[in-house]
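Novice: Sequence and predicted structure, then a few things I'm wondering about:
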Amino acid sequence: MSAKASRADKLQSTVIISNRFSERRSQDVAHSTEESSAEPLEAGSMVGRYLTLSRIGVGGMGVVYRAHDTKLNRTVALKVLPPRLCKFPEYLKRFRTEAQAQARLNSPYIVTLYELMAHPVGEILVLEYVEGETLENRLRHYGPLSLPEAVRIFEQTLRGVEHIHQMGVVHRDLKPSNIFITHDGQVKLMDFGIARLMDNHDSSQNDTMVGTLLYISPEQINGRETDCRSDVYTLGISLFEAVTGRLPFERRSDYALMHAHVQENPPSPKEFQRRLPPELEWVILKAIEKDPNRRFQSVAEFRTALLELGIVNRRQSAAGNALSEMRQSWSHHEKKAEHRIWGGIWTDLSLATTALLLVVTLGIFPTQKPSTENMMANTAHMKKVVRQKSVMVNTRQMSTMASNDRNTKTQAAKQSKDKFASLRDAWGG
């Protein structure tokens, strides 16, 4: 590994520096080379009911493995603090504080903690296993995010951080390597190794600098007490990197980097991404203000400002997969449906009125559909009526014919009588 790559990895790692802890941390670094080859767990080994499958990665607070829960038949992640670190009370205390902080949380945007267990291989956190990649890996492989993608990821991140703060926890290390993105695009926040419980006023933590130098807030560098606005700063630095492909402060030494965070004004993100909207530039620069009082005072404010840009809505309108856009769409369809319903009602009323007028005017009244028996009875009745009418017609015809015959005979008799009378008159009789 080159010196440049080694230094880059060092800057990406979390540091813990205090008056008491700096010496022990340096001792741990001195021994890390000779002990790094020692694996706390090997593939195929059992830890309680968990079968170790493979190693996922190594962090500042332990080694992470993929394992199988033989009792519940599910895949989990095991975060192991090895015995060589368990002998340092500060590491052990922070590891247990991490478990306490994560145990408070229950959000779809945060990796779930299942269990804290002690084992001869070290202290172990049993965590939810998720598949995907970190935001750091995505930026490294594909470069800066598109604006819709960046807003979508950080909108979810801010939702998760809002829950963290509501539960009285400050993460203090929200860098891209701790923002995990699953294969289906779900954000999962992880690694609460240096999280602070806001209701735990431990004076031993004063004058202690914790965080990652590339993303650390000025108050963390100065060892002052941190709150939710420290997470706002770190997320602002991460958002700057996500949309530009670089960090606002990149220096040759750790001291110069810390000095930049505390004293130097950040460059405009538009210097590195000219297509960046001025509104998004303003959101990023406000989040990374030196003075915590000039930043967003909560991640809820940060998220609101991000959504008001309208970038997420445009993307969701095209993709059809965003809740806010779905709500707007449903509202629009409901209004159109309401119009259609009222229009249909008026049409039906008009038709019903017209039909009623026809019924009243023509005397046509609908009846129920006749049964078979009724139809047969009606048919028989009709035949009877027809026969009666036929008989009446025949009777009338016969009467007419008889009357005609009588009239004919009478006329013939009169004619015959008149004929003989003429003859008698002619013969003188």
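Specialist: Looks like it came in fine. Numbering: from 1, shown residues only.

Novice: Flag the shaky bits of the stretch 251-400 of the chain, pLDDT-wise.
Specialist: The model of the stretch 251-400 of the chain has pLDDT under 70 over residues 312-400.

Novice: how close does residue 55 get to residue 119?
Specialist: Between residue 55 and residue 119 the computed distance is 16 Å (CB to CB, to the nearest Å). For the C-beta atoms, the positions are set from N, CA and C on the backbone; glycine is no exception.

Novice: My error: substitute residue 153 in the last question.
Specialist: 35 Å.

Novice: One more: residue 197?
Specialist: For residue 197, the distance to residue 119 - CB to CB - is 25 Å.

Novice: cool, and residue 198?
Specialist: Residue 198 is 30 Å from residue 119, by CB to CB.

Novice: Okay, strands next: where are they in this structure?
Specialist: With DSSP state E as the criterion, the chain has strands at 14-17, 46-47, 50-59, 62-69, 74-81, 113-119, 122-128, 132-134, 169-170, 179-182, 187-189, 196-197, 209-212.

Novice: hey, which of those is tucked in deepest?
Specialist: Among the strands of the chain, the stretch with the highest mean neighbour count (mean count of other CB atoms under 10 Å) is strand 169-170, at a mean of 24.

Novice: how is this protein carved up into domains?
Specialist: The chain is divided into the following domains under automatic domain parsing: 40-129, 131-321, 334-367.

Novice: Test my guess that residue 254 contacts residue 216.
Specialist: No. If you go by CB atoms under 8 Å, residue 254 and residue 216 don't touch, sitting 10.6 Å apart.

Novice: ok, the nearest residue to residue 162 once chain neighbours are set aside - how many residues close by?
Specialist: Beyond its immediate neighbours in the sequence, the residue positioned closest to residue 162 (CB to CB, 6 or more residues apart in numbering) is residue 299, lying 4.9 Å away. Residue 299 has 26 neighbouring residues, counting by other CB atoms under 10 Å.

Novice: quick one, what contacts residue 299?
Specialist: The neighbours of residue 299, taking CB atoms under 8 Å, 6 or more residues apart in numbering as the test, are 158, 161, 162, 165, 228, 231, 232, 235.

Novice: For the residues you listed, which single residue is the most surrounded?
Specialist: In those, the most neighbours by other CB under 10 Å go to residue 161, 30 neighbours.

Novice: ok, it - contacts?
Specialist: 171, 174, 189, 228, 231, 235, 299.

Novice: With residue 278 instead?
Specialist: Counted by CB under 8 Å, 6+ apart, residue 278 has contacts residue 270.

Novice: Distance of it relative to residue 270?
Specialist: Distance from residue 278 to residue 270, by CB to CB: 8 Å.

Novice: How about residue 51?
Specialist: Taking CB to CB, one finds residue 51 at 52 Å from residue 270.

Novice: what do you get for residue 280?
Specialist: 9 Å.

Novice: Pick out whichever of those two has more residues nearby.
Specialist: residue 280 (21 against 15).

Novice: How about the contacts made by the residue nearest to the more buried one when sequence neighbours are not counted?
Specialist: Sequence neighbours aside, residue 309 is the residue nearest to residue 280 in space, at 5.8 Å (criterion: CB to CB, 6+ apart). Contacts here follow CB under 8 Å, 6+ apart; on that basis residue 309 touches 151, 277, 279, 280, 283.

Novice: go with 7 Å
Specialist: 151, 277, 279, 280 (CB atoms under 7 Å, 6 or more residues apart in numbering).

Novice: Can you lay out those residues as JSON lines showing distance to residue 96?
Specialist: Below are these laid out as JSON lines (distance: CB to CB, whole Å):
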{"residue": "151", "distance to residue 96": "36"}
{"residue": "277", "distance to residue 96": "44"}
{"residue": "279", "distance to residue 96": "43"}
{"residue": "280", "distance to residue 96": "40"}
